[in-house]
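>>> sequence and predicted structure below; questions after.
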Amino acid sequence: MEQAKVIDWLKAILRTGTVNPPGNEERVAEQLEALFFDYGIQTERVPYSDGRTNLIATLKGDGSTDKVLGLSGHMDVVPTGDRQWSNDPFAADEVDGKIYARGACDMKSGLMACVMAMIQLKEAGVKLAGDVKLLATVGEEVGAVGAKQLVEEGYADDLDALIIAEPTKSEIVVTHKGALWVAITCYGKTAHGSRPHHGVNALMHMNEIMNALLSERFQMKHRRDPLLGEPTFSMNVIFAGANTNVVPDSCTLKIDIRSVPSQDHKEIVADIRSVIDEVQENLPELSADIHVENDLPPMQTTPDHAFVDFLLDVYESETGERKTPRGMSGYTDGSQFMKNKKDFPIVIWSGIQGNTAHQPNEYVTIADYLRTIDLFKVVTHEYLS
């Protein structure tokens, strides 16, 4: 496939809106399915819900080995935000060697690099001993639900290694933090704003809980991770009340905790509950519950794994630079794929820069996109030769 067409296909996928929620990833899956069909690469849809489907594509080897290399990327993108963009976020405008669009770097360019690497290997007639398998997922941005489904339904059972093509600027990422999103809701009693003593103010009770969680009464027990550092705890959403003149009878706080491998999510939730119980001892009218909205464990592949060494060697042979395995703070579909019953190494890697991910004026450089395609072709050929 000529370079202009490779770039045009990325633009076409970027122009296909898959903001999550609601996702609508089926629109991208249909386009990729048609593209793979044109090149004789077999596909399978794995429906998730209305308008949402994962896509599996397999480039078959000659069968001389049963090794399977997995490549993965998600099809959904985050909302564009309230700030004005310089370009239409779904126009995929090309300016000075960059393509601007929501999902440009996170991560439709990484996804399309996987797709194009497979197609170009097929086109060139490159002989592979084993199979290359693309797992294009729905819903990574909200709970990695597509990857969860693929694991539960056995679509990762044949993998021997997996590369998730998130933007890492060529850094070879072997571990990332987990995500534990906790919602605490306090319940009170409404009253007229001029007679607050007749009510139970859920917002004021939540304030007591927040202060307690930010004090020494709450400590996240952990060991510092050499690649990930310390866990984080961030109170990011709070809402309560309907009118200024009404005492609020409910208040919800949402907390984003990013964990390290030494932590247990169940223990963290139990510790939060314990702090709430302590506050309740001094506020008998306080009533609160906890709901876990997202529970994704940290992903970890040992830095000295043979597959990691293989990628380091390939990258060094192609660029002359020896990388050091790294960690990252954000989660990926790797948190779900690591739950697969068959254990295999997972590495987060692409040549794409992610410095504008989730921001206005998100972009990918065409050079990074093309370089990533070439890297994936070399890795695939070397791994399955």
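Now that the structure is in, tell me what you want to look at. Residues are numbered from 1 along each chain as shown.
>>> would you agree Ser335 is in contact with Pro298?
Yes. Using C-beta atoms under 8 Å, Ser335 is in contact with Pro298, at 7.4 Å. Backbone N, C-alpha and C define where each C-beta goes, glycine included.
>>> any shared contact partners between the two?
Contact criterion C-beta atoms under 8 Å, 6 or more residues apart in numbering; residues shared by Ser335 and Pro298: 176, 178.
>>> state the pLDDT value of Pro21.
Listed pLDDT for Pro21 reads 96.
>>> check Gly154 too.
Reading off the model, Gly154 has pLDDT 98.
>>> any idea how far it lies from Leu135?
Separation of Gly154 from Leu135 (C-beta to C-beta, to the nearest Å): 12 Å.
>>> of the two, which one has the most company?
Between Gly154 and Leu135, Leu135 has the larger neighbour count (other C-beta atoms under 10 Å), namely 26 against 11.
>>> secondary structure of that one: a helix, I assume?
No. Applying DSSP: H, G, I helix; E, B strand; the rest coil, one finds Leu135 to be strand, outside a helix.
>>> off-centre distance for stretch 148-167?
Centroid separation for stretch 148-167 versus its chain: 13 Å, with C-alpha atoms, centre = their mean, to the nearest Å.
>>> count the residues that sit near Asp93.
The number of residues near Asp93, taken as other C-beta under 10 Å, comes to 17.
>>> distance check, the nearest residue to Arg83 once chain neighbours are set aside against Ile348.
The shortest distance from Arg83 to any residue other than its chain neighbours is 4.6 Å, reached at Pro360 (C-beta to C-beta, 6 or more residues apart in numbering). Using C-beta to C-beta, Pro360 is found at 24 Å from Ile348.
>>> quick one, which of these two is more surrounded?
Neighbour totals were compared for Pro360 and Ile348, and Ile348 leads with 28 against 16 (other C-beta under 10 Å).
>>> look at the nearest residue to that one once chain neighbours are set aside and say how many residues are nearby.
Once flanking residues are discounted, Ile348 sits nearest to Val173: 3.8 Å by C-beta to C-beta, 6+ apart. A count of nearby residues for Val173, using other C-beta under 10 Å, gives 23.
>>> contacts only, for Val173.
166, 325-328, 347-349.
>>> got the residues you listed as TSV, with distance to Asp264 columns?
Converted to TSV, those look like this (distance: C-beta to C-beta, whole Å):
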residue	distance to Asp264
Glu166	26
Pro325	24
Arg326	24
Gly327	19
Met328	21
Val347	25
Ile348	23
Trp349	28
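>>> what two of the residues you listed are the furthest from one another?
Between any two of those, the greatest separation by C-beta to C-beta is 15.0 Å, found for Glu166 and Pro325.
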